[in-house]
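Trainee: everything below, folded, please.
(6 chains)
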4 protein chains.
Amino acid sequence: MATSERRPRDPQARRAALAAAVIEVIAEVGIGRTTHRAVAARAGLPLGATTYYFPTLDDLIAAGLRQATEDLRADLERRAAAFRDTHDLAAALTDLALGYLDDRGQTQIEYELFVAAARDPALRPLAEFWLTGMTELLEPHVGRRTARMLVALLDGAMLHALVTATALDATALTSALRALILAGPREEA
Amino acid sequence: MATSERRPRDPQARRAALAAAVIEVIAEVGIGRTTHRAVAARAGLPLGATTYYFPTLDDLIAAGLRQATEDLRADLERRAAAFRDTHDLAAALTDLALGYLDDRGQTQIEYELFVAAARDPALRPLAEFWLTGMTELLEPHVGRRTARMLVALLDGAMLHALVTATALDATALTSALRALILAGPREEA
Amino acid sequence: MATSERRPRDPQARRAALAAAVIEVIAEVGIGRTTHRAVAARAGLPLGATTYYFPTLDDLIAAGLRQATEDLRADLERRAAAFRDTHDLAAALTDLALGYLDDRGQTQIEYELFVAAARDPALRPLAEFWLTGMTELLEPHVGRRTARMLVALLDGAMLHALVTATALDATALTSALRALILAGPREEA
Amino acid sequence: MATSERRPRDPQARRAALAAAVIEVIAEVGIGRTTHRAVAARAGLPLGATTYYFPTLDDLIAAGLRQATEDLRADLERRAAAFRDTHDLAAALTDLALGYLDDRGQTQIEYELFVAAARDPALRPLAEFWLTGMTELLEPHVGRRTARMLVALLDGAMLHALVTATALDATALTSALRALILAGPREEA
DNA sequence: AATGAATGAGGGTTCATTCAT
DNA sequence: TATGAATGAACCCTCATTCAT
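Mentor: Residues are numbered from 1 along each chain as shown, chains lettered A, B, ... in the order given. Next up, the predicted model:
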């Protein structure tokens, strides 16, 4: 039965709406409790649309996670210039972290993805893409190994802020980042 | 005569068995997909035992998370002496991380807890207890703020290792930890 | 949730009720359109009872088919004496066919089983048990090969009656059966 | 220039292709589990074609069953001459049965149709047409009543072969057919 | 004339939870 | 005290059918 009024056709937009809805739902209830129904409701689309555009729930969830990852990449690219010109990388990174934490959902989904990827190899490329994005942003400044440590510190600090629902200790974080940058080897270009 | 195989029916033991089973199940499928049935099966106990000892599924899961946290604290206490005497805190911490990563399940559940706590305030005390444990171990050596950064770096690095299914870069991590320790203020008692 | 009034416990009876309901549903809509919900409604039991007692729909259906087969065997056993003493096997067989056709559902399910078994090897033993029951009833009188032909003729004639919704041509059938009996080899005990 | 691969769009051909696809699908999964999608995929036609050429699923299925019946009739006509000239009708019929069983799908669909017709009066004419075809082939030789018994025996024997996945006992079948022929009345024109 | 996008009913199955025993 | 029987909501997914294009 295909009664009730149909919405105009715009597959691109519907896929996007579903992916965006997935992100929101995951942020709210977690991957493990994300359902077709919740996503459809959130997207304002009929239930059937979820399986029509994404054969399985896993596909649907993956689409959301992929979208979130691409959103991050786009955001990082937008910020790339600022990082290139900064004379205080540590402060810039702290600002970045503070900015991300402003949108708890955005941050929450990052860790959802990480934890899920730790269990499900199929999600690993996505999580790695996420990590790589951050690392590559910093690599030109501090080399790969240090970049990785900076990202680790940032991710750890953000996770703690999220967990404890406490604001980041920006001063401490900046100092710590600076220490890593100063001490880091510069073996790479 | 064989007085039959009389099971002990030790409530304490059964609760513990259930909590331990919860930990295993969460590590395998995540909090969101943990069920009474899976826990009961894992514990080798009847389904009814789960709801008999823990009113709701959330309670059952919380019991598992609590147990996992207590296990960690006990482990940390056991290691405390080593930390007190070490002359190379950074190396000791890296060893600690490597040791934890040996048991992926153990590590996985830590991040499960963190991500869940980020969403559910009821779990926050548990996650904070976990964080506090690590921090307090290091505080006497480096002060609270630095301790926090060390823990953040450790958690971030371990998370990345888990996500990418890659071994920790122990050398880089140790250097980074050392940098944080050296640079850290010692403003606190 | 397990609200609403519970019926008394009698697993045996419930399994039987479900199996009986399956038989009715299959007779009405066919195996391919038999659903949990239809069976539960027919049995006057809640939906959950179907999967509680039979893990999958296939199991549920198999239980119905098995029950139908056992019903037939019991019926055949009841009639065995009459066959042993008859001096007119052909007439007795025609009566048997007429009797079975009285309950279209009973007959319908036989052919449902046969057609399903032709496709699904898992059902084959059941269908063969059905065939064997008839064959063994006749074997003492006419030998195995002739028994088989008698059963084939009966099954074919009943199928035609069912298909055309026409009464059996009892006279013709009796004559035909008699011809087979008379012409049959008596090579077996 | 390549005027593209312009498909013929021959409605007649498409209907035929769909009907043929229906036959295959029914043989594989049964009428009750035959779907638009499976048929379209099998025919290599778009989903919309199924409902475009046949209003409902039942119509589509009926088209397949009708086609199968017509195929049989055509086949019987082709064989009619052989039957007219044979001096050993029983042997010829056994050969016929063996031939049909060679293509299990062909045979399977016959019984699918029979069982469905037993339940659904709308299909009855089709099934009767099938039966009539066989009967009329034999009627000139043995009269109508005997012809019917021959067809019943054949159908029963083929069904058993199908069900048990066993080869027909050709010798026994031929003997049985012969017995029916010899004993049969010749009361009709 | 033809198609695939679109929808929601319905199907198989799982499961938290309740409760008789 | 302890258990497994019992229930129905909710889940994922399939699909007949409709309709815009």
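Trainee: I'd say A:Ile61 and A:Ile26 touch.
Mentor: Yes: shown here, A:Ile61 and A:Ile26 form a contact pair, counting by CB atoms under 8 Å, at 7.1 Å. To be clear about C-beta, it is placed using only N, CA and C from the backbone, and glycine gets the same treatment.
Trainee: now for the two: what residues contact both?
Mentor: Common neighbours of A:Ile61 and A:Ile26 are listed as A:Thr34 (criterion: CB atoms under 8 Å, 6 or more residues apart in numbering or on different chains).
Trainee: which stretches of chain A form helices?
Mentor: A:11-29, A:36-43, A:47-53, A:57-85, A:89-102, A:104-119, A:124-142, A:144-164, A:170-183 (DSSP state H).
Trainee: format those as a markdown table; extra columns: mean pLDDT, distance to D:Leu47 and mean neighbour count.
Mentor: Formatted as a markdown table, the helices of chain A follow (pLDDT from 0 to 100; distance: least, CB to CB, whole Å; neighbours: other CB atoms under 10 Å in any protein chain shown):
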| stretch | mean pLDDT | distance to D:Leu47 | mean neighbour count |
| --- | --- | --- | --- |
| helix A:11-29 | 96 | 16 | 19 |
| helix A:36-43 | 98 | 22 | 18 |
| helix A:47-53 | 97 | 12 | 16 |
| helix A:57-85 | 92 | 20 | 16 |
| helix A:89-102 | 94 | 45 | 18 |
| helix A:104-119 | 94 | 34 | 22 |
| helix A:124-142 | 93 | 32 | 19 |
| helix A:144-164 | 97 | 46 | 24 |
| helix A:170-183 | 96 | 56 | 20 |
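Trainee: which one of the ones you listed lies closest to D:Leu180?
Mentor: helix A:47-53 (56.3 Å; CB to CB).
Trainee: how near is A:Ala183 to chain B?
Mentor: Separation of A:Ala183 from chain B (CB to the nearest CB, to the nearest Å) stands at 3 Å.
Trainee: just checking, that residue touches B:Ala176?
Mentor: Yes: the criterion here is CB under 8 Å, and A:Ala183 meets it with B:Ala176 at 7.4 Å.
Trainee: without its sequence neighbours, what residue ends up closest to A:Arg104?
Mentor: Closest residue in space to A:Arg104, ignoring its immediate chain neighbours: A:Leu162 at 7.0 Å, by CB to CB, 6 or more residues apart in numbering or on different chains.
Trainee: A:Gly44 too?
Mentor: A:Ala17 (7.4 Å).
Trainee: contacting residues around the one you found?
Mentor: A:Ala43, A:Gly44, A:Leu45.
Trainee: could you do A:Trp130 as well?
Mentor: Counting by CB under 8 Å, 6+ apart, A:Trp130 makes contact with A:Thr69, A:Leu72, A:Glu110, A:Leu113, A:Phe114.
Trainee: the last one and A:Arg124, how far apart?
Mentor: In other words, A:Phe114. Distance of A:Phe114 to A:Arg124, given as CB to CB, to the nearest Å: 10 Å.
Trainee: which neighbours do those two share?
Mentor: With CB under 8 Å, 6+ apart, A:Phe114 and A:Arg124 have common neighbours B:Val163.
Trainee: stretch A:106-124 vs DNA strand F: in contact?
Mentor: No: using CB under 7 Å from any atom of the strand, stretch A:106-124 stays clear of DNA strand F, coming no nearer than 13.7 Å.
Trainee: what lies in contact with that stretch?
Mentor: Contacts of stretch A:106-124 (CB under 8 Å, 6+ apart): A:23, A:26-27, A:30-31, A:58, A:62, A:65, A:68-69, A:71-72, A:100-101, A:126-128, A:130, A:155, A:158-159, A:162, B:28-30, B:104, B:108, B:111-112, B:114-115, B:118-119, B:159, B:162-165.
Trainee: ditto for stretch A:60-71
Mentor: A:15-16, A:18-23, A:25-26, A:31, A:34, A:36, A:39, A:50, A:53-54, A:106, A:109-110, A:113, A:116, A:122-123, A:126, A:129-130, A:133.
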